[in-house]
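K.L.:
Sequence and predicted model, in that order:
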Amino acid sequence: MTTATPAYKRILLKLSGEALMGDDAFGINRATIVRMVGEVVEITRMGVEVAVVIGGGNIFRGVAGGAEGMDRATADYMGMLATVMNALALADAMDKQGLTARVMSAISIEQVVEPYVRPKALQYLEEGKVVVFAAGTGNPFFTTDTAAALRGAEIGAELVLKATKVDGVYTADPHKDPTATRYATLSFDEAMVRNLGIMDATAFALCRDQKLPVKVFSIFKPGALKRVVMGLDEGTLVHA
Ligand SMILES: Nc1ncnc2c1ncn2[C@@H]1O[C@H](COP(=O)(O)OP(=O)(O)OP(=O)(O)O)[C@@H](O)[C@H]1O
Ligand SMILES: O=c1ccn([C@@H]2O[C@H](COP(=O)(O)O)[C@@H](O)[C@H]2O)c(=O)[nH]1
């Protein structure tokens with residue numbers, strides 16, 4: 001364990017699936033996942049208990065053409081399965097860097113990964129293992145951001161860290177509007193009223209009701225994850 005004192009004991013890290021692509025058009029970029037896991041290793045060495053919810057955009061958007069015109073719920077199950085693939089890749093990369101990771105799935109595929117059982121997840125976290133939550137909430141019509149809010153509340157995380165491609169919440173999508181400016185902090189109500197597309201309203205509402213703050217930051221900025229965990233000024237804080 002390093003001497004740096006973290007500001008949080010237990011966190012829920014939401015990793016964007018699209019961030020796993022690195023500069024590739026879809027899929028998982030090996031160097032990118034290795035680098036991201038390296039940052040997770042650093043914060044676990046500080047004694048922080050880490051649970052991860054992984055998105056599926058890197059795989060699911062790659063097959064979205066095939067899902068066009070499909071029944072929405074069926075397409076959503078495909079999306080959830082994509083997150084299981086990402087979770088397996090992430091846990092494998094974690095194991096290779098000396099972390100003990102356990103993947104828990106919200107949908108039952110027991111030959112592949114163990115099912116999500118809350119007391120078991122809590123036990124793993126207390127043992128210092130990283131828990132990777134796969135398959136989102138297990139329900140169609142939701143997102144992995146909502147899964148992050150849900151699991152974060154269930155495990156008693158002190159903060160949800162949304163690790164993404166942008167370095168915070170902007171007045172508009174910065175990829176579409178170059179004049180957009182970044183908030184240092186804002187409330188859940190402001191984020192919902194202004195319809196800021198960084199997270200869906202269901203996720204924001206759940207975090208607001210559970211008084212679970214969210215930090216949005218760039219996973220591409222080296223050291224940013226550690227800075228957030230240290231309580232330093234990084235990204236955007238969304239609060240109740
Ligand atoms: N107001 C805003 N501030 C910042 N980013 C925004 C905003 N509105 C939309 N975005 C977009 O949201 C994206 C972040 O969402 P991200 O892709 O991480 O989410 P996701 O859909 O949860 O992940 P996944 O790739 O796993 O589906 C940014 O890349 C940015 O383009
Ligand atoms: O609880 C959930 C979580 C996800 N989905 C489906 O999976 C894809 C990928 O998740 P992202 O949050 O976009 O990374 C999502 O588009 C949904 O289709 C779901 O149905 N339920």
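P.N.:
In hand now; what should we look at? The model shown is predicted, which means the values in this text are computed figures rather than measured ones. Ligands and ions are numbered 1, 2, ... in the order given.

K.L.:
And the residue nearest to Arg182 when sequence neighbours are not counted, how close does it get to Glu126?
P.N.:
Nearest in space to Arg182, with sequence neighbours left out and distances taken as CB to CB, 6 or more residues apart in numbering, is Gly168 at 4.5 Å. C-beta here means a position set from N, CA and C on the backbone, and glycine is covered the same way. Computed with CB to CB, to the nearest Å, the distance linking Gly168 and Glu126 is 32 Å.

K.L.:
So the residue nearest to Arg182: helix, strand or coil?
P.N.:
coil (DSSP: H, G, I helix; E, B strand; the rest coil).

K.L.:
Assess the claim that it and Val214 are in contact.
P.N.:
No. In this structure Gly168 lies outside contact range of Val214 using CB atoms under 8 Å: 11.0 Å.

K.L.:
So which of the two has more stuff around it?
P.N.:
Shown here are Gly168 and Val214; by other CB atoms under 10 Å, Val214 has more neighbours (28 against 23).

K.L.:
what's the pLDDT at that one?
P.N.:
We have a pLDDT of 98 for Val214.

K.L.:
and if you look at Val63?
P.N.:
75.

K.L.:
again with the one 3 residues further on
P.N.:
Here, the pLDDT recorded for Gly66 equals 77.

K.L.:
how deep is it tucked in, by neighbour count?
P.N.:
Gly66: 10 neighbours (other CB under 10 Å).

K.L.:
In which helix or strand does Ile33 reside?
P.N.:
helix 30-45 (DSSP states H and E).

K.L.:
Equivalent analysis for Val132, please.
P.N.:
strand 130-134.

K.L.:
what angle do that strand and helix 30-45 make?
P.N.:
Here strand 130-134 points in a direction 130 degrees away from that of helix 30-45 (axes from the mean of the first three to the mean of the last three CA atoms, to 10 degrees).

K.L.:
Distance from the chain centre to the helix or strand bottoming out on mean pLDDT in the chain, please.
P.N.:
Least confident helix or strand, the chain: helix 64-67 with a mean of 76, by mean pLDDT, DSSP states H and E. Offset of helix 64-67 from its chain centre (CA atoms, centre = their mean, to the nearest Å): 24 Å.

K.L.:
do stretch 24-33 as well
P.N.:
16 Å.

K.L.:
And ligand 2, is stretch 97-115 touching that?
P.N.:
No. Against ligand 2, stretch 97-115 shows no contacts by CB under 6 Å from any ligand atom, the least distance being 7.0 Å.

K.L.:
Check what contacts that stretch and list those residues.
P.N.:
With contact meaning CB atoms under 8 Å, 6 or more residues apart in numbering, stretch 97-115 is reached by 34, 37-38, 40-41, 44, 77, 80-81, 84, 87-88, 90-91, 94-95, 116-117, 120-121, 124, 127-139, 147.

K.L.:
So how do I select the buried members of those residues in PyMOL?
P.N.:
A single PyMOL command selects the buried members of the contacts of stretch 97-115 (16 or more other CB atoms under 10 Å):
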select buried, resi 37+40+44+77+80+81+84+87+88+90+91+94+116+121+124+129+130+131+132+133+134+135+136+137+138+139+147
